[in-house]
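In: following is a predicted model, sequence given first.
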Amino acid sequence: GESVGLHLPTLSVQEGDNSIINCAYSNSASDYFIWYKQESGKGPQFIIDIRSNMDKRQGQRVTVLLNKTVKHLSLQIAATQPGDSAVYFCAENSGGSNYKLTFGKGTLLTVNP
Amino acid sequence: EADIYQTPRYLVIGTGKKITLECSQTMGHDKMYWYQQDPGMELHLIHYSYGVNSTEKGDLSSESTVSRIRTEHFPLTLESARPSHTSQYLCASSGRAGRAREQYFGPGTRLTVT
């Protein structure tokens, strides 16, 4: 069936560097994408989302890029901090009367001081 | 911070016991979800509800059952726990006006069946 997956299972960066986490999706009907951050022992927290009519959206220190041609999205974190260490998940939804999210496998981001 | 609560946070129980995991939200969301997540793995949807008295099975087959008698409450029940049920169970809700697909998650219940 359709799935959402991530390119890299782990990412290690130095504090202050920019981080890029990638995600591939296969459902061409997906029109909504969302990034979550999950810290150890906690539930996922919303970071940022983007609809398919956009190719870029910015938040506080985060930017999501969407490339519908190759079915790829990325999460960029600027000036990565130790508090950014967590597992990051992308998820997609195909809209209409369907409100379910399909989650990818997650990327573990480790920020080294 | 989202107002969605799960109890208990941790549960260790013996094989064959009946358990109920509680989930409540105070946001008035009409949609609620249960996910199962093994350590370091993706979230798998096991049940969802789009309103009172409406429940559906998710993408991952599960021996658990759910009920939705009140908008704010979405409990998950395992009639006879087995070691294969050991996992983390996450509850979520959505339904904020204009952002119906954004799901808010509870802290999770980590279940261990011995």
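Out: Okay, I see it.
In: Three-state assignment for B:Ser62, please.
Out: Here B:Ser62 is coil, with the state taken from DSSP: H, G, I helix; E, B strand; the rest coil.
In: now for it: which residues touch it?
Out: Counting by Cβ atoms under 8 Å, 6 or more residues apart in numbering or on different chains, B:Ser62 touches B:Gln36, B:Ile46, B:His47. Yep, even glycine has a C-beta here, placed from its N, CA and C like the rest.
In: secondary structure element for the first one?
Out: Read that as B:Gln36. Assigned by DSSP states H and E, B:Gln36 belongs to strand B:31-37.
In: now that strand, how far from the centre of its chain.
Out: Relative to the mean C-alpha coordinate of its chain, strand B:31-37 is positioned 4 Å out (Cα atoms, centre = their mean, to the nearest Å).
In: tell me, what's the model's pLDDT at the residue of chain B found nearest chain A?
Out: Chain A sits closest to B:Phe105 of chain B, with a gap of 3.4 Å, by Cβ to the nearest Cβ. The model reports B:Phe105 with a pLDDT of 97.
In: which bits of chain A sit near chain B?
Out: A:32, A:34, A:36, A:41-46, A:49, A:87, A:89, A:93, A:95, A:99-106, A:108 (Cβ under 8 Å from any Cβ of the partner chain).
In: strands along chain A, start to end?
Out: Listed in chain order, the strands of chain A (DSSP state E) span A:4-5, A:10-14, A:19-25, A:32-38, A:45-51, A:56-58, A:62-67, A:72-77, A:86-93, A:102-103, A:107-112.
In: mean pLDDT for these: which is lowest?
Out: When these are compared by mean pLDDT, strand A:4-5 comes last with a mean of 55.
In: which residue comes closest to residue 77 once chain neighbours are left out?
Out: Picking chain A for this. Closest residue to A:Ile77 apart from its sequence neighbours, by Cβ to Cβ, 6 or more residues apart in numbering or on different chains: A:Ser19 at 4.3 Å.
In: think we crossed wires, I meant chain B
Out: Spatial nearest neighbour of B:Thr77, chain neighbours left out: B:Thr20 (4.8 Å); criterion: Cβ to Cβ, 6+ apart.
In: drop anything exposed from the residues of chain A next to chain B.
Out: Among the residues of chain A next to chain B, those buried by neighbour count (16 or more other Cβ atoms under 10 Å in any protein chain shown) are A:32, A:34, A:36, A:43-44, A:49, A:87, A:89, A:93, A:99-106, A:108.
In: which residues does the residue nearest to A:Ile77 contact?
Out: A:Leu11, A:Val13, A:Leu75, A:Gln76, A:Ile77, A:Thr80, A:Asp84, A:Leu109, A:Val111.
In: for the residues you listed, which one is nearest B:Met27?
Out: Nearest to B:Met27 among the contacts of A:Ser19 is A:Leu75, at 25.4 Å by Cβ to Cβ.
In: how close does that closest one get to chain B?
Out: 16 Å (Cβ to the nearest Cβ, to the nearest Å).
In: and the strand holding B:Gln36, what does it pack onto?
Out: When contacts are defined as 3 or more Cβ pairs under 8 Å, 6 or more residues apart in numbering or on different chains; DSSP states H and E, strand B:31-37 sits against strand B:19-25, strand B:44-51, strand B:87-94.
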